[in-house]
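Asker: please find the sequence and the predicted model below.
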Amino acid sequence: MDKKIALLGMGTVGSGVVNLLRENEDLIHSSSGVRFTITHILVSDTVKTRTADVSGIRVTDDITEIENADIDLAVEVMGGIDSTKDIINKFLKRGIPVVTANKDMLAVHIDELEETASENSAALYYEAAVAGGIPIIHTLQHSLNANRISKVMGILNGTTNYILSKMTFDGWDYNDALKDAQAIGYAEADPTADVEGIDAARKTLLLARLAFNKKFTLDQVNLNGITNVDIKDIKLAESAGLTLKLLGVAEDLEDKYNLSVEPIFVDTKHQLANVHYEKNAVFVNGNMIGEAMFYGPGAGGYETASAVVSDMINSAVITAKAKNIPEEKGEPATELPDSAYYLRFNGSLPEAESYLASQDIQFEILSTEDAALRTLKMSAQTLQKIQDTFAPAAVYKINGAE
Ligand code: NAP
Ligand code: HSE
């Protein structure tokens with residue numbers, strides 16, 4: 001079976017796709033019976049030197065050339081939100097399936113695109129959009145669909161995990177670690193989306209949508225990135241056996257939904273504390289499977305291309321695709337579960353200590369000099385009172401992972 005492909009974008013991921021297809025062409029053909037031929041590539045700069053061999057392929061900066069071309073599948077790895085959604089919609093309306101890695105666009109437009117796909121008997125594939133090379137989308141759609149899922153949670157951004165790992169283990173400065181992540185190709189074109197947690201929020205939304213079969217909007221994700229993380233807190237908590245991770249959490253709290261992205265201290269013995277550098281991990285709690293964890297590379301050209309090409313193969317060989325169009329909106333939870341916290345105060349430890357004791361909240365002092373302590377579980381309301389009264393310099397959940 002021969003399939004003609006238009007590849008939209010030829011940066012980190014697009015180059016990985018071209019190189020992967022060349023390197024594994026025979027293997028893919030022998031295992032799936034499919035042979036892909038890239039006929040068109042869309043870029044913004046047609047004279048730029050490429051790291052992949054594009055000989056014999058029409059490289060253009062004119063999308064209209066591709067929109068009307070004779071292709072079987074469009075693969076979008078260029079980024080962009082509204083204009084890219086319009087391009088994808090046009091392919092789907094022609095009945096052409098689309099594979100995309102673009103979580104920025106999907107987090108806003110997935111419901112509309114899934115509707116167009118369904119109306120036109122096309123299909124939309126987006127395995128690479130969440131957690132890079134980890135096959136979590138396919139897993140939720142096809143492998144855990146016998147479960148009622150109560151929680152999906154994980155390290156969903158390779159760039160921030162890389163930065164936190166470099167700061168924690170290698171003593172790197174935040175800015176050097178970010179520059180390194182950009183140079184390797186983990187970071188987004190604008191890394192603000194990575195470090196402010198927006199990228200992880202988009203992925204959390206996509207996971208929640210599949211896990212709970214509800215529609216969500218980005219403003220439903222409570223968001224806090226890593227830009228204000230102080231190495232001092234990482235070091236103070238390290239001695240207490242805690243490791244800081246940026247976690248995306250989506251939980252079903254009795255048919256109301258809590259979606260959040262924030263740095264959380266995780267017990268060093270917990271599996272998530274041992275997911276380092278650009279690696280991602282996703283935990284899923286299902287009522288039949290219990291807890292399952294999926295671990296692997298969260299970013300990178302070949303790692304992401306692995307997911308993109310797997311979608312390409314599946315689009316050719318799987319005829320019945322799971323229908324994933326939620327009908328209802330997921331209502332936000334108003335009451336959040338209790339949690340343990342790490343707190344560092346501005347020199348007001350004795351007052352905070354007496355307040356915690358008066359509320360019967362157990363705690364352990366981590367550093368008197370730095371006024372840092374960890375509490376056992378307390379309510380979000382109590383935390384709010386502590387924040388209002390003492391304005392702590394640092395606040396992190398602990399083991400929200402559990
Ligand atoms: P990238 O390196 O910046 O590459 C983007 C490519 O798209 C470039 O080839 C660029 O052309 C082309 N392009 C961008 N805007 C265009 C436009 N308006 N018209 C025509 N061509 C355009 O990005 P990337 O890292 O490969 O990421 C691509 C997508 O995959 C993004 O949606 C990203 O969020 C997603 N993703 C990335 C990773 C990763 O590890 N990098 C992982 C998962 C998902 P030029 O080459 O001419 O500049
Ligand atoms: N910038 C993203 C990350 C790419 O660092 O995880 C993969 O989605």
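Answerer: Okay, I see it. Ligands and ions are numbered 1, 2, ... in the order given.

Asker: and the closest residue to Lys377 other than its chain neighbours, how many residues sit next to it?
Answerer: Distance criterion Cβ to Cβ, 6 or more residues apart in numbering; nearest residue to Lys377, sequence neighbours excluded, is Asp338 at 4.2 Å. C-beta coordinates here come from the backbone N, C-alpha and C atoms, glycine included. The number of residues packed near Asp338 is 13, by other Cβ atoms under 10 Å.

Asker: with Ala187 instead?
Answerer: 26.

Asker: which residues touch it?
Answerer: By Cβ atoms under 8 Å, 6 or more residues apart in numbering, Ala187 lies in contact with Thr159, Leu178, Ala181, Asp194.

Asker: does the third one touch Leu164 like I think?
Answerer: So that's Ala181. No - with contact defined as Cβ atoms under 8 Å, Ala181 does not count as touching Leu164 (10.8 Å).

Asker: can you list residues touching both of these two?
Answerer: Among the neighbours of Ala181, none is also in contact with Leu164 (Cβ under 8 Å, 6+ apart).

Asker: quick one: secondary structure of Tyr295?
Answerer: State at Tyr295, reduced to three classes by DSSP: H, G, I helix; E, B strand; the rest coil: strand.

Asker: separation between it and Leu156?
Answerer: 12 Å (Cβ to Cβ, to the nearest Å).

Asker: who has more neighbours out of these two?
Answerer: Remark: of Tyr295 and Leu156, Leu156 carries more neighbours, 32 against 18, as counted by other Cβ under 10 Å.

Asker: could you verify my assumption that the more buried one touches Gly197?
Answerer: No - look at Leu156 against Gly197 with Cβ under 8 Å: they stay out of range, at 9.5 Å.

Asker: pLDDT below threshold where in the stretch 301-402 of the chain?
Answerer: By pLDDT under 70, the low-scoring segments of the stretch 301-402 of the chain are 319-323, 400-402.

Asker: quick one: the helices in it?
Answerer: In the stretch 301-402 of the chain, the helices defined using DSSP state H, counting those that start in this stretch lie at 301-317, 349-358, 380-390.

Asker: what about the residue in the stretch 201-350 of the chain that ligand 2 sits nearest to, how many residues close to it?
Answerer: Residue nearest to ligand 2 within the stretch 201-350 of the chain (Cβ to the nearest ligand atom): Ala299, separated by 3.8 Å. Neighbourhood size, Ala299 [other Cβ under 10 Å]: 28.
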